[in-house]
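> requesting a structural model of the entry that follows:
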Amino acid sequence: MTKLQLRAFLYQLGTFACLFVLFRYLIHSYSGLTGFWEPFAAFVVATFIGPKFQAVKTKDGEKLFMKWVFLKGIKEIG
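So this is what the prediction gives:
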């Protein structure tokens, strides 16, 4: 695993964790879901809403890219 692949994995994990905690709190506070369904719904929403990070080898070297549902196209991060 290269340095950029590790960074992409950590970005993916960090953004998912933040969104999961946020949506779990919102679902707990504002919906009638209980038990297993509360974290399951938060998981599904965080998975679809969260940005996707990927390290790609190009002719210029390895680069980190991000795709997000709220941004048009694919953005190069670094």
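> roughly how far apart are Met1 and Gly50?
21 Å (Cβ to Cβ, to the nearest Å). Bear in mind the C-beta positions are built from the backbone N, C-alpha and C, glycine included.
> who has more neighbours, the two?
Counted by other Cβ atoms under 10 Å, Met1 and Gly50 do not tie: Gly50 has more neighbours, with 19 against 8.
> what's near enough to touch the spatially most central residue of the chain?
By Cα atoms, centre = their mean, the chain has its centre lying nearest to Gly50, at 3.4 Å. Going by Cβ atoms under 8 Å, 6 or more residues apart in numbering, Gly50 touches 12, 15-16, 19.
> any of those residues buried? List them.
12, 15-16, 19 (16 or more other Cβ atoms under 10 Å).
> which of the residues you listed fall within helices?
Judged by DSSP state H, those include 12, 15-16, 19 as members of helices.
> tell me how far stretch 66-78 is from the chain's mean position?
Stretch 66-78 has its C-alpha centroid displaced from the chain centroid by 12 Å (Cα atoms, centre = their mean, to the nearest Å).
> what residues does it touch?
Identification of contacts with stretch 66-78 by Cβ under 8 Å, 6+ apart yields 11, 48-49, 51-54, 63-65.
> go with 6 Å
Contacts with stretch 66-78, where a contact means Cβ atoms under 6 Å, 6 or more residues apart in numbering, come from 51-53, 63-65.
> so can I have CSV of the residues you listed showing secondary structure?
Formatted as CSV, those follow (DSSP: H, G, I helix; E, B strand; the rest coil):
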residue, secondary structure
Pro51, coil
Lys52, strand
Phe53, strand
Lys63, strand
Leu64, strand
Phe65, strand
